[in-house]
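Peer 1: I would like to see how this sequence folds:
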Amino acid sequence: MKTIAVLGGGYAGLRMVKRLTHEKVDAHIVLINDNEYHYESTQLHEVAVGNKEPSDISFDIRAVLPDSVDFIVDTVTSIDRDKQQVVLKHSQPVAYDYLVNALGFESESFGIKGVDEYSLSFNNIDSALAVRDHIEHTLANYATSHDENDLHIIVCGAGFTGIELLGELVERIPVWNKQYDLPQNGITVDCIEAGKTILPMLPENLSSWAVKFLADHGITMHSGTPITEVRQHSVVSNDKEFPGNIIIWTTGVQGSHVICDSGYAQKRNRVVVENNLSVKDHPHEFLIGDVAAVPNPDSGRFYPTTAQIAVAQADCAAENIVALLAGKPTHDFQFSSVGTVCSLGPGSGVAEIDQMGHWKFKGHKVGLLKRLVNDRSVLELAHVKEMLASR
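Peer 2: Predicted coordinates:
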């Protein structure tokens with residue numbers, strides 16, 4: 001019996017296993033993941049500021065897997081592609097006939113001085129909790145330090161994650177003001193972004209509305225301001241310096257370091273895959289999600305690394321493995337977006353939806369849309385029970 005090894009229990013990896021088991025493939029499926037649980041990475045920013053707890057965005061992987069799937073909780077250190085083995089930190093190597101690499105993302109510093117030493121980022125539950133602990137410790141410290149920089153929060157990057165984090169901060173700051181008996185309007189938030197346009201993936205009227213919403217709630221945006229250095233108590237952009245003792249880095253992500261460590265031809269730990277999502281000269285090896293650079297045949301550019309696209313890639317790769325097992329030809333990846341939803345805290349946001357027409361939303365309606373998106377995400381990976389538990 002053939003063995004299919006799936007690396008990573010994120011959106012792409014879990015969706016892959018669900019599709020393969022649904023198809024009842026005649027193969028031994030092995031899922032390898034760092035943790036016993038899956039977490040909704042698109043909601044990590046809510047944990048980072050304390051608006052949600054880890055249990056609100058996670059569920060037990062074993063509970064949603066069929067008994068036929070072999071689940072290994074361990075860390076992938078590298079892939080021996082010649083021997084067709086996955087090398088693990090604590091267990092014996094896992095041999096495979098088909099490999100699906102969906103190992104996910106890591107934060108990207110772009111080589112900017114001081115980023116790793118003096119800023120915090122979040123790409124999993126532990127790092128999100130570390131951000132929360134740092135924020136709360138620093139704000140509490142103001143009572144004895146009287147250092148205004150303890151009340152200055154700097155968010156580096158105004159991409160999707162950065163903007164959603166700012167929205168959560170708007171919601172949380174009044175709670176912190178009361179909790180730590182802080183001066184009125186004492187907490188300040190600066191967002192520093194190299195690009196001149198905020199949320200360029202959305203229509204201009206929606207992105208402008210989001211920027212105005214944040215400004216109206218005390219967030220100061222600095223677009224067209226590239227970060228040149230991060231220091232212990234400030235962020236520098238050429239000749240400008242922004243002081244603050246809470247520095248959160250959200251400027252970008254790269255694929256898992258396992259890609260580079262395993263000798264792939266890559267850029268930012270992403271591998272350019274074939275149109276059917278396999279790796280060149282390795283037709284039984286598929287890369288999906290954050291480790292894959294997938295060309296968009298219409299634009300010639302690579303698709304962005306979103307949860308929506310990762311799930312669609314998992315569906316395509318699963319269908320292609322089923323085809324290969326049956327001796328049939330594979331098909332190319334095609335994607336049609338259902339839209340974009342950007343939350344600005346639990347009660348507001350902006351959204352563009354391409355379902356049964358083209359719809360644009362802003363304000364309180366987007367809170368409900370975001371919940372529907374989150375519910376759909378859990379259902380695509382697990383069951384109704386997990387969806388209800390995440391509410």
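Peer 1: And stretch 98-111, what's buried?
Peer 2: Neighbour-count burial for stretch 98-111 flags 98-109 (criterion: 16 or more other Cβ atoms under 10 Å). To be clear about C-beta, it is placed using only N, CA and C from the backbone, and glycine gets the same treatment.
Peer 1: now stretch 134-152
Peer 2: 134-136, 138-139, 142, 149-152.
Peer 1: Give me the contact list for it.
Peer 2: For stretch 134-152, contacts defined as Cβ atoms under 8 Å, 6 or more residues apart in numbering pick out 48-50, 120, 153, 176, 180-183, 186-188, 190, 233, 242-246.
Peer 1: what is the mean pLDDT for that stretch?
Peer 2: Across stretch 134-152, pLDDT averages out at 98.
Peer 1: Quick check: pLDDT value at Leu379.
Peer 2: 53.
Peer 1: do you know how far the most far-flung residue of the chain relative to its centre is from Asn177?
Peer 2: In the chain, the residue that sits farthest from the middle, by Cα atoms, centre = their mean, is Thr144; the gap is 36.3 Å. Distance, Thr144 to Asn177, by Cβ to Cβ, to the nearest Å: 17 Å.
Peer 1: try Ala48
Peer 2: 18 Å.
Peer 1: Which of these two has more residues huddled nearby?
Peer 2: Ala48 (29 against 17; other Cβ atoms under 10 Å).
Peer 1: and that one, what does it touch?
Peer 2: 122, 128-129, 131-132, 135, 165, 168, 248.
Peer 1: at 7 Å instead, please
Peer 2: Going by Cβ atoms under 7 Å, 6 or more residues apart in numbering, Ala48 touches 122, 128, 131-132, 165.
Peer 1: so which of these would you say is closest to Leu372?
Peer 2: Set against Leu372, the nearest of the contacts of Ala48 by Cβ to Cβ is Leu165 (21.2 Å).
Peer 1: and the helix or strand where that closest one lies, average pLDDT?
Peer 2: Leu165 belongs to helix 160-179 when assigned by DSSP states H and E. Averaged across helix 160-179, pLDDT comes to 96.
Peer 1: tilt between the helix or strand following that helix and helix 160-179?
Peer 2: Toward the C-terminal end, the helix or strand that comes next after helix 160-179 (DSSP H and E) is strand 188-192. Strand 188-192 runs at 170 degrees relative to helix 160-179, counting by axes from the mean of the first three to the mean of the last three Cα atoms, to 10 degrees.
Peer 1: mind listing what's buried in stretch 313-324?
Peer 2: 313-322, 324.
Peer 1: can I get those residues in TSV with secondary structure and distance to Gly195?
Peer 2: Shown next, in TSV, are those (DSSP: H, G, I helix; E, B strand; the rest coil; distance: Cβ to Cβ, whole Å):
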residue	secondary structure	distance to Gly195
Gln313	helix	26
Ala314	helix	30
Asp315	helix	32
Cys316	helix	31
Ala317	helix	32
Ala318	helix	35
Glu319	helix	36
Asn320	helix	36
Ile321	helix	38
Val322	helix	41
Leu324	helix	41
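Peer 1: Can you give the domain ranges for this structure?
Peer 2: 2-34+74-107+253-335, 115-249 (automatic domain parsing).
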